[in-house]
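Asks: Have a look at this prediction, sequence included:
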Amino acid sequence: MSEPGTESVLVERRGAVQVITINRPQAKNALDGAVARGVADAVDELDASDDLRAGVLTGAGGTFSAGMDLKAFLRGERPSIEGRGLCGITQTPPRKPLLAAVEGWALAGGFELVLACDLVVAGRSARFGVPEVSRSLIAAGGAALFLPRRVPHAVAMEMLLTGQPVDAERAAAVGLVNRVVDEGGALEAAVALAEVIAANGPLAVAVTKQIARSTSDWTAEEAWARQQPLIEPVFASEDAREGATAFAERRKPVWKGR
């Protein structure tokens, strides 16, 4: 339960980038029902807004998230949204890019939120882990399903079966983390990376994400056919014409999202 007078999730806009902060530092940003609803509402706003192009998910107080709040669990709370998964993003990630800015621990459900993000920026002291087996539990919020798709199979099995965490440097070496920065710098670096993404054509970015996330479920035979109806509206869009025109005129494009 959040401290009186505080919000479990803070949301701010930095230009075209939305920053979502899990704000329970006194509980290591453990996930309860209020956090789940707050994150889900924030990513709904991200996808609905014409002004927002990318999001960054982080945690307050030097910790990303220690996972599910077990005290809240004993009260009957679950940090998931029906049909959408943990905090509303593990089963149905937002249509727009979502980046994780990780400082300190990202454990269990907190780590599964990281896996729901498209890119990860980590401070050097960050640690990533799925300790569920050490409590005779299963990482059912997405880690057992998706970690083997994000890192080499042997690394995924080591993390899942031993329950031991990995540090930021190893996470980067195996492809889980995009950038490792000085401690305390993850959020600013993630926002800067999100701004690079936000400068690109929003239609193209969203459909590129959709294709990239879908392709593991497509056979080689059907991939081209499944991709075609997704890309055609983008190539026929006003933004596509604006991109070509701006290149020819040597100016920055002005995207309309249509």
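Replies: That came in fine, so what should we check first?

Asks: List the residues that contact the residue nearest to residue 239 when sequence neighbours are not counted.
Replies: Nearest in space to residue 239, with sequence neighbours left out and distances taken as CB to CB, 6 or more residues apart in numbering, is residue 201 at 4.7 Å. Where you see a C-beta, it was placed from the backbone N, CA and C, and this is true even at glycine. Neighbour list for residue 201: 234, 239-240, 242-243, 253, 255 [criterion: CB atoms under 8 Å, 6 or more residues apart in numbering].

Asks: what about residue 201, distance to residue 249?
Replies: 16 Å (CB to CB, to the nearest Å).

Asks: Same check on residue 18?
Replies: Going from residue 18 to residue 249 by CB to CB gives 30 Å.

Asks: Which one's more surrounded, these two?
Replies: residue 18 (27 against 9; other CB atoms under 10 Å).

Asks: Tell me what the more buried one is bridged to.
Replies: residue 13, residue 55 (DSSP bridges).

Asks: State the pLDDT value of it.
Replies: Confidence at residue 18, expressed as pLDDT, is 97.

Asks: And the contacts of residue 201, which is closest to residue 43?
Replies: residue 255 (20.7 Å; CB to CB).

Asks: wait, the closest one sits on residue 242?
Replies: Yes: using CB atoms under 8 Å, residue 255 is in contact with residue 242, at 6.8 Å.

Asks: residues contacting residue 159?
Replies: Residue 159 neighbours (CB under 8 Å, 6+ apart): 128-130, 147, 151, 165-166.

Asks: How many neighbouring residues does the nearest residue to residue 195 once chain neighbours are set aside have?
Replies: Leaving out its chain neighbours, the residue that sits closest to residue 195 by CB to CB, 6+ apart is residue 17, at 5.9 Å. Number of residues near residue 17 (other CB under 10 Å) recorded here: 23.

Asks: cool, residue 244 as well?
Replies: Neighbours around residue 244, by other CB under 10 Å: 11.

Asks: in the stretch of helix or strand it belongs to, what's buried?
Replies: Following DSSP states H and E, the helix or strand that holds residue 244 is helix 238-248. For helix 238-248, the neighbour count (16 or more other CB atoms under 10 Å) marks 239, 243 as buried.

Asks: helices or strands up against it?
Replies: Contact partners of helix 238-248 among helices and strands, from 3 or more CB pairs under 8 Å, 6 or more residues apart in numbering; DSSP states H and E: helix 202-214.

Asks: Run through who's touching the helix it packs on.
Replies: Residues outside helix 202-214 that contact it (CB under 8 Å, 6+ apart) are 53-54, 93, 95-97, 118, 197, 226-227, 230-231, 233-234, 237, 239-240, 243, 255, 257-258.

Asks: next helix or strand past it?
Replies: Following helix 202-214 in sequence, per DSSP H and E, is helix 220-235.

Asks: For that next one, which outside residues touch it?
Replies: Residues from elsewhere that reach helix 220-235, judged by CB under 8 Å, 6+ apart: 201, 203-204, 207, 210-211, 214-215, 218, 240.
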